[in-house]
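Asker: pasting the structure only:
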């Protein structure tokens, strides 16, 4: 994906296929899951076995001489039945980028499948990078969540918190979008008249943007997450702004379309 002078490239790390009912709700934020009929209009988002493929990894953003990694994947050890894992560094290498080349690691939030390659064996994986996440997530997870604490503590000396919406590099801006986690952050990418978004886990699957009743089951604050997700859908509908979420299949960009009484979605 090119956004004016910016280049955004997916960096694959792992994949798992899960029953969609185990990950999403429809019409209820209390965690009751979904029924098969809820997915009947959306089978194009499921694989041949009726499962939802959850891809994990990050995005490499090239802005001038900056090499910004947005999210750090699951890490070296596949979890929850992942059929592939631990390949983020190899994926970077295929793009001609080494761990030493990364200047910034920006974490949309601190769930385990986004911090996997932040550090390894108590050592930062990206030794020349500045690490960032929203201060609300640092306060919520570090010292309270075992994985986040283990991954983030070794990079504490290279850590700069995001306390307010800010410009991190030319054309790379952050926006707080709390709900999935307290510090869940969107990156708005712009260059000239072109614009795109990396929306982290504000949305896990495009189905969550199609109407206001869809939601995930891993949100820290389900009601706030719903409000944030629906406000984002209103902003994106018909705007021709490409967006990518951290778990979209193939880490692809897509667009939210205006339809006859309902929204539509297209990848590409």
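Answerer: Perfect, thanks for sending it. Here the structure is a predicted model, which means the values were calculated and not measured. Numbering: from 1, shown residues only.
Asker: Where does the prediction get shaky in this protein?
Answerer: Applying pLDDT under 70 to the chain flags residues 28-32, 78-85.
Asker: measure residue 55 to residue 73 for me?
Answerer: Here the criterion is C-beta to C-beta, to the nearest Å. By it, residue 55 lies 10 Å from residue 73. (Each C-beta comes from the backbone N, C-alpha and C, glycine too.)
Asker: Neighbour count for the two, which is higher?
Answerer: Taking other C-beta atoms under 10 Å, residue 55 and residue 73 do not tie; residue 73 has more neighbours (27 against 20).
Asker: Who are the contact partners of the more buried one?
Answerer: Counting by C-beta atoms under 8 Å, 6 or more residues apart in numbering, residue 73 touches 11, 13-14, 56-58, 88, 113-114, 116-117.
Asker: Next up, phi/psi of it, please.
Answerer: phi 70, psi -170 (degrees, to the nearest 10).
Asker: ok, now residue 154?
Answerer: Backbone geometry at residue 154, expressed as degrees, to the nearest 10, gives phi -70, psi -20.
Asker: neighbours around it, how many?
Answerer: 17.
Asker: what do you get for residue 94?
Answerer: The burial count for residue 94: 11, using other C-beta under 10 Å.
Asker: distance of it from residue 67?
Answerer: According to C-beta to C-beta, residue 94 and residue 67 sit 15 Å apart.
Asker: what do you get for residue 120?
Answerer: Distance from residue 120 to residue 67, by C-beta to C-beta: 19 Å.
Asker: between these two, which one's more packed in?
Answerer: residue 67 (22 against 14).
Asker: Surely that one forms part of a strand?
Answerer: Yes: counting by DSSP: H, G, I helix; E, B strand; the rest coil, residue 67 is part of a strand.
Asker: picking up where we left off before, need the max-distance pair from the contacts of residue 73.
Answerer: For the contacts of residue 73, the maximum inter-member distance is 13.6 Å, found between 11 and 113 (C-beta to C-beta).
Asker: Which ones among the contacts of residue 73 map onto strands?
Answerer: Using DSSP state E, the subset of these located in strands is 11, 13-14, 56-58.
Asker: Look up how far residue 176 lies from residue 54.
Answerer: Applying C-beta to C-beta to residue 54 and residue 176 gives a distance of 24 Å.
Asker: Those two - which one has more neighbours?
Answerer: Legend: neighbour count by other C-beta under 10 Å for residue 54 and residue 176, higher for residue 54 (20 against 17).
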